[in-house]
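Enquirer: need a 3D model of the sequence below.
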Amino acid sequence: MAYHSTRNFRQQTISPYVPDRVERIGDDTGQASYVDIGKPVKLSDDGVVVCADGNEIYGFITSVNAGTSGGYSVGAVACDAGREIIAVDEAGGLAVGGLVVAGTPVALGTAGVGNVKTGSPTTHKWQVVGLEVNPSTAGKQVLLRKL
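Expert: Sure, this is the predicted structure:
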C-alpha cells in the first residue's frame, strides 16, 4: 500500500517478503560499491551491468557487498514484479501510468543516480506510480513499480 505525503508523492512500499535477488555486478574487476545503489541494470551473461541510454531496465541495485567473488562485485538487485524503487526523471514529462527505460548512464564506481525516461519496453517493464511534483520535471524523483 502506498501512502501520500504532504508533497503529493507516493512513498516506496517496503516488503520484507519479497527479497531482492543476489547478482554479480559489472565485470570481474570488482568496480561496484555503495555509490552504485539506485542505478538501473540489465542482464549480461552471468550477472548484471549498468544500463546504457534507452535500455530496458531489468532492475535497480539496492546493495553492494564490500568483498568480491571471483573478482566480481556482488550485491542485491530489485527486479521482481511488484518491487518499487525511486529514480530520477531525466528529461521531465513522465506521467503516472507511463513506462520507462534507462536514461543517461552513470558508470559503476561513480556517484550518481538512476536516471529514467519515457520509453516502450517489451520485456522488463517499470511503470511510474508516483511523482515528486505533478507534472514531473527534469531532475525530480519518480516512484516506479515493476510490472
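
Enquirer: for the residue nearest the centre of the chain, which three-state class applies?
Expert: Centroid check for the chain by CA atoms, centre = their mean gives residue 60 as the closest residue, at 3.2 Å. Here residue 60 is strand, with the state taken from DSSP: H, G, I helix; E, B strand; the rest coil.

Enquirer: what residue ranges in this protein score low on pLDDT?
Expert: In the predicted model of the chain, residues 1-17 satisfy pLDDT under 70.

Enquirer: ranges for the strands of the protein?
Expert: Here the chain has its strands, by DSSP state E, at 21-25, 40-44, 47-50, 59-69, 72-78, 84-89, 99-102, 115-118, 126-131, 141-146.

Enquirer: pairing partners for the last one, with directions?
Expert: I take that to be strand 141-146. When sheet partners are counted by DSSP bridges, strand 141-146 sits next to strand 84-89 (antiparallel), strand 126-131 (antiparallel).

Enquirer: relative to residue 112, which of these is closest?
Expert: strand 84-89 (9.4 Å; CB to CB). C-betas here are computed from N, CA, C, even on glycine.

Enquirer: thank you, goodbye.
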